[in-house]
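> after the sequence you'll find the predicted model.
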Amino acid sequence: MLNQKGGAKLAILLAVIYFVVLFTTLSFAGVIDVKGIIGKFSKPKEKAETEEEIKKETTSTVEAEAGAEETLSEEKSEEVETGEAKEVATKTAQAEVTATAEADMEQLEKVVKIYEAMDTKKAADIISQLDDDEAVELLSCMNEEIAAEILAEMELDKAAILSRKIRKP
């Protein structure tokens with residue numbers, strides 16, 4: 001009846017594009033450090049060394065608190081704490097971004113299903129009133145046959161504009 005594989009592939013593609021744009025935006029805004037995240041995955045030896053250094057510094061801090069003779073300077077302790085705080089903040093931001101993106105994708109899928117279930121003329125009338133980017137997002141996630149029927153019901157100018165925007169990567 002409906003080509004579900006094409007719709008699923010398109011939804012996955014849109015999700016990937018959404019994540020790339022979202023991470024890029026957050027990186028430019030300074031919310032996350034994408035280069036640092038990528039560096040952690042691309043250089044496992046350095047990551048292991050960094051983890052060992054953090055363990056050593058943490059062990060030294062614990063020993064200092066217990067009254068051991070070896071202690072870290074205040075500056076090093078602050079650097080470790082600041083680094084840990086940044087790492088926790090980065091992980092929290094990543095989790096929030098992922099959760100938000102998943103929620104957005106679920107909402108988009110719900111709206112797409114609603115439009116697919118509607119009469120094509122009514123769906124075309126409503127989608128014609130949406131912002132072009134919103135309309136393109138909805139039509140791109142829809143089953144191709146239903147999207148074609150909806151576009152066919154729209155005014156020619158609007159359908160042509162949306163078709164051009166759907167075509168562009």
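Right, received. Where do you want to start?
> ok, Arg129 - how many residues close by?
Actually, residue 129 is Gln rather than Arg. Counted with other CB atoms under 10 Å, residues neighbouring Gln129 total 9. (Each C-beta comes from the backbone N, C-alpha and C, glycine too.)
> so Ile32, which of the three states?
coil (DSSP: H, G, I helix; E, B strand; the rest coil).
> the residue nearest to it when sequence neighbours are not counted: which element?
The shortest distance from Ile32 to any non-neighbouring residue, by CB to CB, 6 or more residues apart in numbering, is to Leu26 (4.8 Å). Applying DSSP states H and E as the criterion places Leu26 in helix 4-29.
> buried ones in that helix?
7, 10-11, 15, 22-23, 26 (16 or more other CB atoms under 10 Å).
> which residue ranges form the helices in this protein?
Remark: helices assigned in the chain by DSSP state H are 4-29, 34-42, 44-65, 74-117, 120-129, 132-141, 144-153, 156-167.
> can you tell me which of those helices the model trusts least?
Least confident of these, judged by mean pLDDT, is helix 44-65 with a mean of 55.
> take the buried residues of helix 4-29 and lay them out in a markdown table including distance to Leu130.
Shown next, in a markdown table, are these (distance: CB to CB, whole Å):
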| residue | distance to Leu130 |
| --- | --- |
| Gly7 | 19 |
| Leu10 | 18 |
| Ala11 | 19 |
| Ala15 | 20 |
| Leu22 | 21 |
| Phe23 | 26 |
| Leu26 | 26 |
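> what is the nearest of those to Val111?
Distance to Val111, by CB to CB, is smallest for Ala11 among the buried residues of helix 4-29, at 12.2 Å.
> please tell me I have it right and Tyr115 contacts Asp125.
No. Using CB atoms under 8 Å, Tyr115 makes no contact with Asp125, being 11.2 Å away.
> higher neighbour count, those two?
Neighbour count, other CB under 10 Å: between Tyr115 and Asp125, Tyr115 has more, with 20 against 15.
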